[in-house]
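[1] from the sequence below, what's the structure:
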Amino acid sequence: MVREFVVFSVVLAVLTACGGSSNQPSTDDSDDAGHVISEAPLDHLEPVLQEAGASAKTITYASRNGVNDAASHVTGTVFVPNGDPPTEGYPIVVLGHRTAGTASECAPSLSPDLRGEATTVAALLKAGYVVTVPDYQGLGKPTKPDDYDFHPYLDSTTAGYNMIDAVRAARSAVPNTSTSWGALGALEGGQAAWAANELADNYGDGLTLVATASLAPMADIQGLADAAMGGTLNADQKLAYVAYLAALKDQYYYDFELDDYRRGAAEQNWDALLSCTDNTQRLALAEKLSPDDLRPSGPEALQTLRGYLQKTNLPQGPTKAPMYVIYSGRDSVIPAAWTDQALVAACEMGDGIQIAFWPDKTREQVEPVAALGWLNDRMKSIPAANDCPAFLADHQQ
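    Below you'll find the model as predicted:
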């Protein structure tokens, strides 16, 4: 209940201060969480995926918007491994994909290699899991577009709902699946897996969460506000910050004044900065942005931004199942010190976390498959280590 209370309180405060939201929840019976609205064979995949699984399909399923609890339609993919299912049914792993862009065409389901996640999906299939990869709300092409077709980038609650409901949808779409599931993801997907773990206790009815693994997660992101104000954002941080601002405008269209946070070259190249078609061009554009192009207009705008970041920042509440976090010392978007803050807060809430810090790695080098062995052990009911006591002792001096 802690996370739900924090989310509700912060959203209520933001919306009250801004005059409320005009969005209304859907009442369609087909919008029950995890309900599969449509499915179709997926036949444009790379060979590594075709060979690793017995079947693949794309689905549209009902999920939930973390901003106002309204129903939304989300696309994704579901893969079934080769071979016969275990007696108790295939366990399910939901893979949170890495940031690929925030436009609808940036969805993994529209890409032959799932926007770079093919190797991880193939490894999970070979390990015997049914795998589902949600596109996240607003990415992909739902069969019935609705009022929530934007991607609320870095809204951890929405991402967590999308992950849990993808498991429900996979169970509906694939016979012989068990209620046992795990979550895995890197970067934005690491945030999604972590959030799903926090939400599972109250939102995961009928499912049994075994464990989650978050690699280089976008967990504590509050530092983006002060970095923007101080003019210290690097190119990768600028792209994440731009995507977050765009998502806030989509979520709070009449309440969030986007031009309080962008001007000059940022405003002129806004759509190109949000694209997923040419990452080299996006980075080049970001490099050319001056500090003033993305600086909050003043103390009031900075405080407003901090409020939005607090709403989506992790942790929001305690987790339900063991968690594994791997993070790097050369992360260009989330400095290790920010992740340290998130881990300290989570450990203080009583979470059980196994922690690995790779000081010489970049965020791109922290691949999701690095956690596969750990996840396999959890699925075999082997207890996980809890590094929180030692971590707190090292970081609270």
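[2] and the pLDDT for Leu15?
    pLDDT recorded at Leu15 is 37.
[3] ugh, typo on my part, it should be Thr280
    Residue-level confidence at Thr280 comes out at 87, pLDDT.
[4] for burial, what's the neighbour tally of it?
    Using other Cβ atoms under 10 Å, Thr280 has 7 other residues around it. To be clear about C-beta, it is placed using only N, CA and C from the backbone, and glycine gets the same treatment.
[5] from here on, call the first residue 20.
    Okay, residue one is now 20; in that scheme the one you just asked about reads as Thr299.
[6] phi first, then psi, for it.
    Main-chain torsions, Thr299, degrees, to the nearest 10: phi -60, psi -40.
[7] now for it: which residues touch it?
    Counting by Cβ atoms under 8 Å, 6 or more residues apart in numbering, Thr299 touches no other residue.
[8] if I look at it, how far off is Leu133?
    Counting by Cβ to Cβ, to the nearest Å, the gap from Thr299 to Leu133 is 21 Å.
[9] quick one: name whatever helix or strand follows the helix or strand bottoming out on mean pLDDT in the chain.
    Using mean pLDDT, DSSP states H and E, the weakest-scoring helix or strand in the chain turns out to be helix 21-37, at a mean of 42. Sequence-wise, the next helix or strand downstream of helix 21-37 (DSSP states H and E) is strand 55-60.
[10] pairing partners for that next one, with directions?
    Sheet partners assigned to strand 55-60 using DSSP bridges are listed as strand 72-83 (antiparallel).
[11] can you map out the strands along the stretch 70-219 of the chain?
    Per DSSP state E, counting those that start in this stretch, the stretch 70-219 of the chain carries strands over the ranges 72-83, 90-100, 109-115, 149-153, 196-205.
[12] wait, which of the ones you listed is closest to Ala390?
    Each of the strands of the stretch 70-219 of the chain has some distance to Ala390 by Cβ to Cβ; the shortest is strand 196-205, at 6.0 Å.
[13] pull out the buried positions in that closest one.
    Buried residues in strand 196-205, defined by neighbour count with 16 or more other Cβ atoms under 10 Å: Thr196, Ser197, Ser199, Trp200, Gly201, Ala202, Leu203, Gly204, Ala205.
[14] farthest pair in those residues?
    Every pair of these checked by Cβ to Cβ; the farthest is Ser197 and Ala205, at 25.1 Å.
[15] list the buried residues in stretch 251-260.
    In terms of neighbour count (16+ other Cβ under 10 Å), stretch 251-260 has its buried residues at Leu252, Ala254, Asp255, Gln256, Lys257, Leu258, Ala259, Tyr260.
[16] what of stretch 85-96?
    Gly85, Val86, Ala89, Ala90, Ser91, His92, Val93, Thr94, Gly95, Thr96.
[17] widest-spaced pair of those residues?
    Counting by Cβ to Cβ, the most remote pair of these is Val86 and Thr96, 24.9 Å apart.
[18] just to revisit the earlier point, for the buried residues of stretch 251-260, which one is nearest Met398?
    For the buried residues of stretch 251-260, the nearest to Met398 is Ala259 (32.2 Å; Cβ to Cβ).
[19] average model confidence for the helix or strand hosting that closest one?
    Element membership for Ala259, per DSSP H and E: helix 254-270. If you average the pLDDT over helix 254-270, you get 95.
[20] buried residues in whichever helix or strand comes after that helix, which are they?
    Using DSSP H and E, the helix or strand that follows helix 254-270 in sequence is helix 283-287. Neighbour-count burial for helix 283-287 flags Ala284, Ala285 (criterion: 16+ other Cβ under 10 Å).
[21] same thing with stretch 74-86?
    Neighbour-count burial for stretch 74-86, with 16+ other Cβ under 10 Å as criterion, is recorded at Ala75, Lys76, Thr77, Ile78, Thr79, Tyr80, Ala81, Ser82, Arg83, Asn84, Gly85, Val86.
[22] where does the stretch 170-319 of the chain dip in pLDDT?
    The stretch 170-319 of the chain contains no residues with pLDDT under 70.
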